[in-house]
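**Q** here is a sequence with its predicted model. Questions after.
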Amino acid sequence: MPVNEPEPEAAEIHRPYPFMEWSMLVGAVVDVRREGVFVRTGFVEDATPSGDTAWIAADGLDRRIMIEKSAGYVLWITAEQLQLRRVHQPSR
């Protein structure tokens, strides 16, 4: 294996995947997709206890947005971000 290529396990930690329990993502950085199309990357500021609705924080020119699963949104997260979120759980 060439020296500059990451180990397969290391590459997996950076590969995003859909995560359906949005209430567990408060405090994480995620990719927002709608019907398979990338919308933006953002910080999950809050989510309903049911996990059906989430608020993505404003960042630069991007406004704060509310997204809903029923509108076709899906949040994608990397294993690395999920682990960081668990280590630094926000207080509610």
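**A** Arrived safely, thanks for sending.

**Q** every contact and neighbour count from this point should use C-alpha atoms.
**A** Noted.

**Q** could you pick out the longest strand of this protein?
**A** Longest strand in the chain, counting residues (DSSP state E): strand 37-47.

**Q** elements contacting it?
**A** Judged by 3 or more Cα pairs under 8 Å, 6 or more residues apart in numbering; DSSP states H and E, strand 37-47 is in contact with strand 29-34, strand 53-56.

**Q** quick check: mean pLDDT of it?
**A** Mean per-residue pLDDT for strand 37-47: 96.

**Q** what lines up beside it in the sheet?
**A** strand 29-34 (antiparallel), strand 53-56 (antiparallel) (DSSP bridges).

**Q** how about residues contacting it?
**A** Applying Cα atoms under 8 Å, 6 or more residues apart in numbering, the external contacts of strand 37-47 come out as 22-23, 25-33, 53-59.

**Q** what's the answer for stretch 14-22, then?
**A** 31, 47, 51-54, 74-80.

**Q** circling back to that earlier point, out of the contacts of strand 37-47, which are buried?
**A** With burial judged by 16 or more other Cα atoms under 10 Å, the buried subset of these is 22-23, 25-33, 53-57.

**Q** just give me the closest of those to Ser70.
**A** Thr53 (8.7 Å; Cα to Cα).

**Q** find the residue at the geometric middle of this structure.
**A** Val30 (2.1 Å; Cα atoms, centre = their mean).

**Q** which residues touch that residue?
**A** So Val30 contacts Thr41, Gly42, Phe43, Val44, Leu75, Trp76, Ile77, Thr78, Gln81 (Cα under 8 Å, 6+ apart).
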